[in-house]
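Visitor: need coordinates for the below:
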Amino acid sequence: MNQLSNSTYEIAQVCLLAGKIMLENGGETYRVEDTMTRVADAFGVRHAHSFVTPTGIIFSIDGPEQTTRLIRISERSTDLRKVTVVNAISRKISQGELSVTEAYRLLEEIDGANPGYPLWFKIAAAAVASACFLIMFGGAWGDFIPTFLCGGAGFSFLVYFHRWVPIKFFAEFLASLIIGSTAYLFLRTGFGHDLDNMIIGSVMPLVPGLLITNAVRDLMAGHFVSGVSKGAEAFLTAFAIGAGIAFVLSFYSGEGIG
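Guide: Residues are numbered from 1 along each chain as shown. Below you'll find the predicted structure:
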């Protein structure tokens, strides 16, 4: 009986760790639940139940040695590479290629791995994306470099503020303030010309596109709690970005910006 208990506990640990990695790195709620159930089923557990929200995971296994576990999710980011790797491990488990111990070891390595790209590369990518969004939205090539600098500065300050301020929305508000102020400074010095397009392109890396997509997909899959909560988080993020830009524009409106 102790051997069965230990085995059930280890299976629950593998399922929870897989779900935790996926949820923390941008996986949809329904995908997390499906992966956990499939992993448990592959290890011979036919009566496993999972309940996933953006802030926690509850996993239960019925049977003589019933196991119920809860994991709290406090930090969420976007690293779809980790989600993809967990899916690959789940498929190997379903095909019988991994034992419980091997699967848990691989998942621990993924959970402890550093982000796929260094911070400087993310800032550079955000800067390039901002400048490209400027062109996509009909901006002039003369504003390419100013938007490149605004987008990079906004994203780097977002990371910096989030390290010192645990409230995500406040960090996004401050980052949008930096973007708006920098764009206005470029306009006043003659380095930039179209303030609106410079700001629109620069804030695009801050827009919660993946969060909005996951919210809609969760709602369509019937996960209304997760869908509504993710939608509310996306709305607050958009509101923080818009409020920061609106503050800059209202502050300098008396000087005839345009």
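Visitor: please make it C-alpha for all contacts and neighbour counts, starting now.
Guide: OK.
Visitor: show me which positions of the longest helix anywhere in the chain end up buried.
Guide: Looking across the chain with DSSP state H, the single longest helix is helix 224-251. By 16 or more other C-alpha atoms under 10 Å, the buried positions in helix 224-251 come out as 225-227, 230-231, 233-234, 236-238, 240-245, 247-249.
Visitor: got it, and stretch 45-63?
Guide: Of all the residues in stretch 45-63, those buried under the rule 16+ other C-alpha under 10 Å are 45, 48, 49, 50, 52, 53, 54, 57, 58, 59, 60, 61.
Visitor: using TSV, lay out the residues you listed together with distance to residue 69, pLDDT and secondary structure.
Guide: Converted to TSV, these look like this (distance: C-alpha to C-alpha, whole Å; pLDDT from 0 to 100; DSSP: H, G, I helix; E, B strand; the rest coil):
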residue	distance to residue 69	pLDDT	secondary structure
45	15	85	coil
48	11	88	strand
49	11	89	strand
50	10	89	strand
52	12	90	strand
53	14	88	strand
54	16	87	coil
57	8	93	strand
58	6	91	strand
59	5	92	strand
60	6	90	strand
61	9	87	strand
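Visitor: farthest pair in those?
Guide: Maximum pairwise distance among the buried residues of stretch 45-63 (C-alpha to C-alpha): 25.0 Å, between 45 and 54.
Visitor: nearest to residue 188, of the buried residues of stretch 45-63?
Guide: residue 54 (43.2 Å).
Visitor: now the closest one, what are its backbone angles?
Guide: For residue 54, the backbone dihedrals (degrees, to the nearest 10) come out as phi -60, psi -20.
Visitor: that concludes my questions; thank you for your assistance.
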